[in-house]
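>>> fold the stuff below for me.
(one chain, ligands or ions: 4)
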Amino acid sequence: MAWCDNMASLTKLKGFIIFLLMAILLLHGISADNQCGIAPDDGIDAGLSELDENAWTMVERKGSQFIVNGKSFYFNGFNTYWLMVFASDQSTRGKVTEVFKQASSVGLSVCRTWAFNDGQYRALQKSPSVYDEEVFKGLDFVVSEAKKYNIRLILSLVNNWSDYGGKPQYVKWGKDAGLNLSSEDDFFSDATLKTYYKNHIKMVLSRVNTFTNVTYKDDPTIFAWELMNEPRCTSDPSGDKLQAWIQEMAAYVKSIDPKHLLEIGMEGFYGTSTPERAQFNPNTYATQVGTDFVRNHQVLGVDFASVHIYADSWISPTITDAHLQFYQSWLQAHIEDAEKSIGMPVVFAEFGVSVKDPGYNSSFRDTIYNTVYKTLVNSAKKGGSGAGSLLWQLFPEGTDYMDDGYAIVLTKSQSLADMIALNSARLELISSICSWNCRWGCKKRLLGLDPAVL
Ligand SMILES: *[C@@H]1O[C@H](CO)[C@@H](O)[C@H](O)[C@H]1NC(C)=O
Ligand SMILES: *[C@@H]1O[C@H](CO)[C@@H](O)[C@H](O)[C@H]1NC(C)=O
Ligand SMILES: *[C@@H]1O[C@H](CO)[C@@H](O)[C@H](O)[C@H]1NC(C)=O
Ligand SMILES: *[C@@H]1O[C@H](CO)[C@@H](O)[C@H](O)[C@H]1NC(C)=O
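Ligands and ions are numbered 1, 2, ... in the order given. Prediction:
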């Protein structure tokens, strides 16, 4: 019975009993949703009360897994980028609650959203270090409301793109202040612009939530910080400029907030440090954009990797079988790297199919979602690095005018909603059975459980 050598025999027995109960319930066809609620270990372990197990604590990382309350945390999640802006106006605030409510009804437990809006309509940061308190209260509402629905947030701190201001807005501010700037990529190297950005980091991380009185940097509702949405630095294909920026900013975030996890916000392209991995890139241009999946994620302070998947913008606008093949190899390659070369969890932080893609049909979209979900469940079952995915993007009803083609409205996509709920239940089950120091794989082997069950 030496399946997990590092466990005390009592813990072994407990794990075995929990597992057996789970397996019996599952085999009898009781929905995974219910049985996770039943918490079959109640009364078995006198050391941990139910309160402790369900306590709302920080997400941590151990090796290539996320951990919450000592248990693995494999999750199903989503993006809704506009929450802060909607929450900052009473007339649209209800949509925030609505999307959280719908998300939690299908077990989605992590949401990635923007904690920036620089110099635009309903800006959070109106000009460098000048903040709109009403918009900040909107973000406070998002954080406080997420907790009510047991949803954790990945908060992104700036955009690469001009939407919501981003890198171009920082450069414009710099020019307005008389700096001699020639490229948007000066964002990554100019001392003044770096200071502007650091001030924003400090402002957000030190914010005291006006609804909960909890300082953001102490709030377990926040899963992680993200340095930037989809950074690219095409002016320096060597990758050195972006690498130096990541090093400086990761250290800065950690100096203010050592508790929360941090990720960069990368799309996942392989760069010059790993020429042998370039074959997995969607195109040859991808090595030229100044990013480097492996090297960037080796920076001190970066806790987990992020990858985006857009076959339609990277391979071809028209849907073909090549899209599906790309999804499969892109997922596998990054899970493998996360396990073998960078030793951290990887989150597929954006993926989706647009109804505007030529050749689109909903069964193809379902196939793509199924591919992502199946791959991650298989990784989780082995205690692997594939930690979660965040679909792009979840919308409540009545926000269609904002839809870029990728939006999922659960009430309008029943087959997809069912698939999302099933994936959530599977990941929740795996997480609840599998504590980080005893891998699911070894228990499963031991019991000879039919792998088709999961
Ligand atoms: C980031 O911005 C640059 C321009 O500064 C642009 O070339 C690049 O395409 C943007 N990123 C992405 C993901 O497209
Ligand atoms: C601005 O910088 C460029 C080089 O980046 C330089 O060629 C130019 O002379 C500078 N202009 C001024 C007004 O300093
Ligand atoms: C937050 O602090 C204020 C001032 O101390 C207090 O009046 C308020 O009740 C607190 N709110 C919560 C939710 O704890
Ligand atoms: C949906 O699109 C895919 C990919 O183009 C195609 O292979 C499939 O036959 C289509 N299915 C239907 C039902 O139209």
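>>> list the residues that contact the residue nearest in space to the middle of the chain.
The chain has Ala349 as the residue nearest its centroid, 4.5 Å off, counting by Cα atoms, centre = their mean. Contacts for Ala349 (Cβ atoms under 8 Å, 6 or more residues apart in numbering) come out as Asn79, Arg112, Ile154, Glu263, Gly265, Ser306, Val307, His308, Ser389, Leu390. Placement of C-beta: from N, CA and C, glycine included.
>>> so for the host helix or strand of it, mean pLDDT?
Per DSSP states H and E: Ala349 is located in strand 346-351. For strand 346-351, mean pLDDT is 98.
>>> can you tell me the closest non-neighbouring residue to Thr320?
Distance criterion Cβ to Cβ, 6 or more residues apart in numbering; nearest residue to Thr320, sequence neighbours excluded, is Gly359 at 7.2 Å.
>>> quick check: the one you found touching Ala322?
No - the pair Gly359 and Ala322 fails to qualify as a contact (Cβ atoms under 8 Å) at a distance of 11.5 Å.
>>> check whether whichever strand or helix holds Ala387 contacts ligand 1.
Ala387 belongs to strand 386-392 when elements are defined using DSSP H and E. No - using Cβ under 6 Å from any ligand atom, no contact is recorded between strand 386-392 and ligand 1, whose separation bottoms out at 13.0 Å.
>>> now do the next helix or strand after that strand against strand 386-392, angle only.
Counting by DSSP H and E, the next helix or strand C-terminal to strand 386-392 is helix 414-433. For helix 414-433 against strand 386-392, the angle by axes from the mean of the first three to the mean of the last three Cα atoms, to 10 degrees is 150 degrees.
>>> list the buried residues for helix 414-433?
Neighbour-count burial for helix 414-433, counted by 16 or more other Cβ atoms under 10 Å, picks out 416-417, 419-433.
>>> ok, and of those, which contact ligand 1?
Residues of those in contact with ligand 1 (Cβ under 6 Å from any ligand atom): none.
>>> so which residues on the stretch 201-350 of the chain come close to ligand 4?
Contact residues (Cβ under 6 Å from any ligand atom) of the stretch 201-350 of the chain with ligand 4: Ile319.
>>> do a quick rundown of the helices in the stretch 201-350 of the chain.
Using DSSP state H, counting those that start in this stretch, the helices of the stretch 201-350 of the chain run over 240-256, 293-297, 311-314, 321-337.
>>> and the last one, what does it pack onto?
Applying 3 or more Cβ pairs under 8 Å, 6 or more residues apart in numbering; DSSP states H and E, one finds that helix 321-337 makes contact with helix 293-297, strand 305-309, helix 311-314, strand 346-351, helix 362-381.
>>> so for the third one, what's the average pLDDT?
Taken as a whole, helix 311-314 carries a mean pLDDT of 97.
>>> and it, which residues are buried?
By neighbour count on 16+ other Cβ under 10 Å, the buried set for helix 311-314 is Ala311, Asp312, Trp314.
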